[in-house]
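Novice: Quick one: sequence plus predicted model below, questions after.
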Amino acid sequence: MLFYIFAVLAILSGAYMVLTRNLLYAGFSLLITLLSIAGIYVLLFADFIAVTQLMVYVGGVLVLILFGIMLSSRVHDKSVLSENVNKVWGTLVAGLILVGLSYTILKANISSLPWLQEAETDVLAQQKSTVQSIGVKLMTDFVLPFEIASLLLLIALMGAAYIATDNQKV
Amino acid sequence: MLAFVLTLVLLLGIVIVLAYAERKVAAFMQDRLGPTEAGPYGSLQSVLDVLKLLQKEDIVPAAADKSLFKLAPILIFAAVFAGFAVIPFTPDLVPAGIGIGVFYLLAIISLDVVGLLMAGWGSNNKYAMLGAMRSVAQIVSYEIPAGLAILSVVMICQSLDFQEISYQQGALMNQFPGLEYEINWLFGLEALGINTTTIGGITTWNIFRAPMLLVAFVIYFIASLAESNRAPFDIPEAESELVAGFHVEYSGFRFAVLFLAEYSMMVLVCLVAVILFLGSWNTPLPNIGPVSLAYWTTGTVGSVSGILWGGFWLLSKTFVLLFLQLQIRWTYPRLRVDQLMHLCWKVLTPIALGVVLIAGIWRLLMI
């Protein structure tokens, strides 16, 4: 029941985000989409992912997007509106992706996947949250991708700091 | 559902007391009398303020973005109030004891920022917009030192659960499932060989268990002032230049909700500071030999005495911190924007990073 509420909310706000012309409203409906997806993550016992989603996307990315929209729109003193371009190609590509995805989903026999049948319903078992197992995995099996991701973020940080400085010496 | 209503009532009570205390402390520090008319010593003043606000007309500016304007106060208050869900009030009373409470709290508070932007934009007012922008820039920056300070606590305690962190800081530690065989050492140093597990009291508070958390506590407290837009970090609301910042266009009930959200934020950050650093609901009095002050002032877990003692210690420590916040407001002048950012990025953040490093090393000495 809860899943359907979150799913409907996510789809409706996602559709509104795509259809509305006002970029600011699109930003705020993205908030509802992200929140309901976080809700779905909680229902899937992925509490850490859900909170990370809130932290990174709502607290970071979305705020930056809204900030950008507000700063740019106040210059022209009217709300920023998006325009429709590439109607034919856009519809075509979107339609093709839809057909491809539905074909794959219908073709896949999800309920007979071996790992799904072996999986236990009691996901959390003794532990109170998934943090412990995620941490152990990150430091053992996935330590290389983890370190590469941190390196990438460091590079992005340095790049941002470089762009933001005044180039007085050059 | 019961937890929701109880927390809301408790919060309303605390905020009303706090609003009264704010006026009285302000008056005391400026050598005035403050409210004196309503009730003994003016103690009914804030109740009357609330009644007055509720009777006022709810004005929505004609040029405002109506739906955003109306939605913003609800979103702001909901974000702050959702943070209270993971706060343990007594040893066995916590609205939602989830395992990643600390992380959840940090995330849910950042929702507040979206509400502020919504209010600033929806008002269609230059002061409100500027206030919202400043407020968001400030909150987003100060989340970093605050987050790092909290991270060092999490590294020492090895848990993201507020209740587990609370139990670790008192004589009841071994009663928490999963902590039965943990041992607290004085200053967290096993080498000293002084076992404080059953001594409890102030010796097991986080700031004594790992002394560098005292630095983390100061960093967190400064950052939390900025996060709740309190003086000396109140440039978002700067009465003398921005009128009142993002809530300049609000009136009546909506203003009351914003006001409530602001004061709830103060209460929330102080509660978090108490739980993470100052021993949560644990008593400050240690067991000294046969005089087991800690057990006497803790009560038994699960009984009425445990609830009363726990709530008493938690709230009294919180009120001490809140009083400190009020006092700071009337002591220090407002910081400029560049000073604000300088303090955050060049002073607090490097120190917080250093504390995180030391906390990691200290943890190795604790086991």
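Specialist: Noted; the coordinates are in hand. Numbers count the residues shown, from 1 in each chain, chains lettered A, B, ... in the order given.
Novice: What pLDDT does the model give whichever residue of the stretch 151-300 of chain B sits closest to chain A?
Specialist: Closest residue of the stretch 151-300 of chain B to chain A, C-beta to the nearest C-beta: residue B:160 (6.1 Å). For every residue, glycine as well, the C-beta is placed using N, CA and C. Reported pLDDT at residue B:160 in the predicted model: 86.
Novice: Look up phi and psi at it.
Specialist: Per-residue torsions, residue B:160: phi -110, psi 10 (degrees, to the nearest 10).
Novice: if I look at it, how far off is residue A:130?
Specialist: 11 Å (C-beta to C-beta, to the nearest Å).
Novice: can you tell me which residues contact the nearest residue to residue B:180 once chain neighbours are set aside?
Specialist: Once flanking residues are discounted, residue B:180 sits nearest to residue B:174: 5.3 Å by C-beta to C-beta, 6 or more residues apart in numbering or on different chains. Taking C-beta atoms under 8 Å, 6 or more residues apart in numbering or on different chains, we find residue B:174 in contact with B:180, B:181, B:182, B:197.
Novice: and what of residue B:156?
Specialist: Applying C-beta under 8 Å, 6+ apart, the residues near residue B:156 are B:188, B:206, B:209, B:210, B:213, B:359, B:362, B:363, B:366.
Novice: wait, isn't the first one in contact with residue B:359?
Specialist: No: Residue B:188 is not in contact with residue B:359 according to C-beta atoms under 8 Å; the separation is 9.9 Å.
Novice: any shared contact partners between the two?
Specialist: B:156, B:210.
Novice: for the residue of the stretch 151-300 of chain B closest to chain A, what are its contacts?
Specialist: By C-beta under 8 Å, 6+ apart, residue B:160 lies in contact with A:129, A:131, B:99, B:100, B:101, B:102, B:103, B:154.
Novice: What count of nearby residues applies to the fourth one?
Specialist: It stands for residue B:100. Applying other C-beta atoms under 10 Å in any protein chain shown, we find 21 residues neighbouring residue B:100.
Novice: hey, where'd the strands end up in the stretch 151-300 of chain B?
Specialist: Taking DSSP state E, counting those that start in this stretch as the criterion, the stretch 151-300 of chain B carries its strands at B:287-288, B:291-292.
Novice: And residue A:136, how close does it get to chain B?
Specialist: Counting by C-beta to the nearest C-beta, to the nearest Å, the gap from residue A:136 to chain B is 13 Å.
Novice: go on, residue A:139?
Specialist: Separation of residue A:139 from chain B (C-beta to the nearest C-beta): 14 Å.
Novice: Over to that residue: give its phi and psi.
Specialist: phi -90, psi -10.
Novice: Mind telling me what element the closest residue to it other than its chain neighbours is part of?
Specialist: Distance criterion C-beta to C-beta, 6+ apart; nearest residue to residue A:139, sequence neighbours excluded, is residue A:146 at 7.8 Å. According to DSSP states H and E, residue A:146 maps onto helix A:143-164.
Novice: what's the offset of that helix from the middle of its chain?
Specialist: Computed by C-alpha atoms, centre = their mean, to the nearest Å, the chain-centroid distance of helix A:143-164 equals 19 Å.
Novice: Same check on stretch B:70-80?
Specialist: Worked out by C-alpha atoms, centre = their mean, stretch B:70-80 lies 18 Å from the chain centre.
Novice: And stretch B:261-276, by the same measure?
Specialist: On C-alpha atoms, centre = their mean, the centre of stretch B:261-276 falls 2 Å from the chain's centre.
Novice: Outside of it itself, which residues are in contact with it?
Specialist: Contact with stretch B:261-276 is made by B:11, B:14-15, B:18-19, B:73, B:76-77, B:80-81, B:83-84, B:87-88, B:102, B:105, B:109, B:112, B:150, B:153, B:162, B:165-166, B:206, B:217, B:220-221, B:224, B:227-230, B:280, B:314, B:317-318, B:321-322, B:325, as judged by C-beta under 8 Å, 6+ apart.
Novice: Could you list the low-pLDDT ranges of chain A?
Specialist: Applying pLDDT under 70 to chain A flags the ranges A:73-82, A:119-128, A:167-170.
Novice: swap the cut-off to 90 and go again
Specialist: Counting by pLDDT under 90, the ranges of chain A that qualify are A:1-7, A:9-11, A:13-32, A:34-35, A:38-91, A:104-142, A:157, A:160-170.
Novice: distance of the residue lying farthest from the centre of chain B from residue B:351?
Specialist: Centroid-distance maximum for chain B: residue B:62 at 36.4 Å, with C-alpha atoms, centre = their mean. Plainly put, residue B:62 is 49 Å away from residue B:351 if you go by C-beta to C-beta.
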